[in-house]
Every structure is written in C-alpha cells, then in structure tokens.
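> take a look and give me a structure for this.
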Amino acid sequence: MGKSNIKNGRYTIEKKEPFVVFIIGMRINRFLAFSKWLPTAKAMGPMIKELYQHPELGFLDCEIAFNLRGVTMVQYWRSFEDLERYAKEELHLEAWKRFNRSIGSDGTVGIFHETYEIKLGQYECIYANMPAFGLGKTGEVVPAVGRRKTAQRRIHKESID
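This is a model prediction of the structure:
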C-alpha cells in the first residue's frame, strides 16, 4: 500500500444500516501435521475470492492477521441473515465437510468464529493518517470533528458539540 492511499488527518465513518462483525480463524495445534492444517488454511482463499466477486451475498470487506499458530480474519457483513445464508453455500459447506472428515475432533487444528450484530450508534472507530482499513472501508468517511471528535461522542451520537 503506497503513501498515496493514506488519508491524512483524523477521520471516522458513518454507517447508515446495522451490520455484522464476524471473526473467524484457525489455530494450528500440531505444527508438524501439515497434511491437516494446510488444506484448512487454503480453504479460505477461494471463499474470500468468491465473496469479493459477488457483493450481492452481503459480504462487505475483511482484514486478515497471521500469527505463529494460525490466522484470524475480521469480516464485515451487511446482515446476520446474509452471513448465515453464505454458510450454507456450496463452497463453504464443502470446506466444512472436508474439515469434519479430515480433522473432526482429533485436535490437530482448531477453528473458531464469533459473530456480533451491531446496531446503529453501537460502534465507534477512529483512523488517523491511515489508508482505508477495517470498518473504515465499509461506510461513509467523515472528519472526526465536532460530535465525532471523541470516542464518547462518536458512540453516543446524541452528544452535540
């Protein structure tokens, strides 16, 4: 990401609709069991590609973080219904079935997810000298001034200058 993508100054975003934050990840419990965790790790790429190619599915964007034991992805969705509908789509369903057949409860690989439904006014974010990132890629970018200057004011929109 080049310097030209950086938005100077402090800004936040405004969302016009509720949304969902979905955190999903994989943990490698037995590093030498490559044949178990590598297919699990590779399964996410095609799904993310599909989601970006089909915005009508309700996927808004994601951020990916790698660590020593695996990967965590923070995804933003239009609604819980969209997320749940995608969980039943062929690509995801087949990956889930492969995981259960190959790994099941043998302990070599762990997976997790957390889902949060966010109502309007129940979120807060700030970005300073950043390119579009995370939730900031899914809403209207606005300056963090006036009623948006502090975290307290951003999350309690009724607070006015």
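
> make it CA atoms for all contacts and neighbour counts henceforth
Noted.

> phi first, then psi, for G9.
According to degrees, to the nearest 10, the main-chain angles of G9 amount to phi 90, psi -180.

> from R147, how far out is it?
When Cα to Cα, to the nearest Å is applied, the distance between G9 and R147 equals 16 Å.

> between these two, who's got more neighbours?
Neighbours per residue (other Cα atoms under 10 Å) separate G9 from R147, with R147 holding more: 17 against 11.

> the more buried one and R153 touch, don't they?
Yes - counting by Cα atoms under 8 Å, R147 does reach R153; the two are 5.5 Å apart.

> tell me where the longest helix sits in this protein.
Counting residues, the longest helix in the chain under DSSP state H turns out to be helix 34-53.

> list the helices and strands that helix packs on?
strand 19-28, strand 59-67, helix 90-102 (3 or more Cα pairs under 8 Å, 6 or more residues apart in numbering; DSSP states H and E).

> alpha carbons only: can I get the shortest one in CSV?
In CSV, the C-alpha atoms belonging to strand 59-67 read as follows (Å, rounded to 0.1, in the frame of the first residue of the first chain):
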residue,chain,number,x,y,z
PHE,A,59,-20.0,-9.5,2.4
LEU,A,60,-18.6,-6.0,2.8
ASP,A,61,-14.9,-6.5,3.5
CYS,A,62,-12.3,-8.1,5.7
GLU,A,63,-8.9,-7.8,7.3
ILE,A,64,-6.6,-10.8,7.8
ALA,A,65,-4.0,-11.2,10.6
PHE,A,66,-1.4,-14.0,10.7
ASN,A,67,0.2,-15.2,13.9
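
> run the angle between the helix or strand following that strand and strand 19-28 for me.
Counting by DSSP states H and E, the element after strand 59-67 in chain order, helix or strand, is strand 70-77. With axes from the mean of the first three to the mean of the last three Cα atoms, to 10 degrees as the basis, strand 70-77 and strand 19-28 are set at 170 degrees to each other.

> buried ones in stretch 101-118?
Buried positions in stretch 101-118, judged by neighbour count with 16 or more other Cα atoms under 10 Å: S102, I103, T108, V109, G110.

> so which of those is the closest to R30?
The shortest approach to R30 among these belongs to T108, at 5.0 Å (Cα to Cα).

> quick check: the closest one touching L32?
No - if you go by Cα under 8 Å, T108 and L32 don't touch, sitting 9.2 Å apart.
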